[in-house]
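J.: sequence below, structure please.
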Amino acid sequence: MMTSTAFLGLTAGLVLFYVLPFLPFVYFFFAVGSWVKSIFEAMVGVPLWALAHIRLDGEGLPGESASNGYFLLLEIAVRPILTVFGLVAALLIFTAQVRVLHFIWDLVVENSAGFSDTSLVTLNAAYFDPASTNPRDAVKRGIIDQFFFTVIYTIIVYMLATASFKLIDSIPDNILRWGGIGVSAFGDTNQDALDGLQRYVAMGGMIQGQQITGGAMQAFSGTGRGLGQMAGLGGKVGGST
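T.: Next up, the predicted model:
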């Protein structure tokens, strides 16, 4: 039980300290990779696009068959600017959401479960007061509530981060719809890598957390056994003298 609890707390700390600060770079790096891939796609598709100009049916100078190529070139030209704009927008939105969540978190927790950090401090002070009438079970429940609400807070912040930083991809991919353009870019079908990376990071954090927790428990147990053996050896030496 103690091992699982320590592993859960260590995983929450790893997510907040290592995974969340790394997410903006991951999304932005994959967005830049999608833009580079779209350039190579355009290099391969330009000859076919040139052949599409042979058909003169339809409205307009390029014709219906070649008109999508111009929109794809426009998408390639504006994607770097929109990617940077999406990064700035994602950072601003995520920062604002986390600040609001941190501001109202105590109120939400206190209304949903009757627990708050202030009540925990009061219970801890009453725990060591012999004249207090507060039961010690309330102190234990307050500590458990604080631990699990911290885990819930970590999950909510992680979900806010993934939802916010997806703007780095979604803004360049969907901005052309405002102009009535329905072309499909190269990055529209290349989003599974990010989801897979998030799963791998979560699985890696769980495995590393289990290994670190297990190693720490083994180290503590080994230290305890060593101290016990030293104490027993000291008792034998003292008895023999």
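
J.: remind me which residues of the chain are low pLDDT?
T.: Across the chain, the ranges flagged by pLDDT under 70 are 1-7, 55-65, 113-142, 179-241.

J.: could you pull out the helices in it for me?
T.: Remark: helices assigned in the chain by DSSP state H are 2-14, 20-52, 64-113, 117-127, 136-165, 167-174, 192-240.

J.: tell me which residues of the second one come out buried.
T.: Buried residues in helix 20-52, counted by 16 or more other Cβ atoms under 10 Å: 20, 23-24, 26-28, 30-31, 34-35, 38, 42, 49, 52. Every C-beta, even on glycine, is put in place using the N, C-alpha and C of the backbone.

J.: wait, which of those residues is closest to residue 108?
T.: residue 20 (20.3 Å; Cβ to Cβ).

J.: the residue nearest to the closest one when sequence neighbours are not counted: neighbouring residues, count only.
T.: Distance criterion Cβ to Cβ, 6 or more residues apart in numbering; nearest residue to residue 20, sequence neighbours excluded, is residue 161 at 5.4 Å. Residue 161 has 21 neighbours, counted by other Cβ atoms under 10 Å.

J.: need the contact list for residue 161.
T.: 20, 23, 94 (Cβ atoms under 8 Å, 6 or more residues apart in numbering).

J.: let's have the residues you listed in a markdown table, adding distance to residue 101.
T.: Shown next, in a markdown table, are the contacts of residue 161 (distance: Cβ to Cβ, whole Å):
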| residue | distance to residue 101 |
| --- | --- |
| 20 | 13 |
| 23 | 16 |
| 94 | 10 |
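
J.: looking at these, which one is closest to residue 9?
T.: residue 20 (16.2 Å).

J.: any idea how far residue 158 is from the closest one?
T.: The gap separating residue 20 from residue 158 is 7 Å, by Cβ to Cβ, to the nearest Å.

J.: swap in residue 102?
T.: Taking Cβ to Cβ, one finds residue 102 at 14 Å from residue 158.

J.: sorry, back to before: closest one of the buried residues of helix 20-52 to residue 173?
T.: Ranked by distance to residue 173 (Cβ to Cβ), the buried residues of helix 20-52 are led by residue 34 at 8.6 Å.

J.: isn't that closest one up against residue 170?
T.: No - with contact defined as Cβ atoms under 8 Å, residue 34 does not count as touching residue 170 (11.8 Å).

J.: count of neighbours near residue 149?
T.: 19.

J.: wait, it touches residue 109, no?
T.: Yes - when contacts are counted by Cβ under 8 Å, residue 149 is listed as touching residue 109 (5.4 Å).

J.: that older thread, from the buried residues of helix 20-52, which is closest to residue 83?
T.: When those are compared against residue 83 (criterion: Cβ to Cβ), the nearest one is residue 31, at 4.7 Å.

J.: report the contact partners of the closest one.
T.: With Cβ under 8 Å, 6+ apart, residue 31 has these contacts: 83, 86, 168, 169, 172, 187.

J.: one step back: and for residue 20 and residue 158, which residues touch both?
T.: Counting by Cβ under 8 Å, 6+ apart, no residue touches both residue 20 and residue 158.

J.: pick out the most distant pair among the contacts of residue 31.
T.: Longest span within the contacts of residue 31, Cβ to Cβ: 86 and 187, 11.7 Å.
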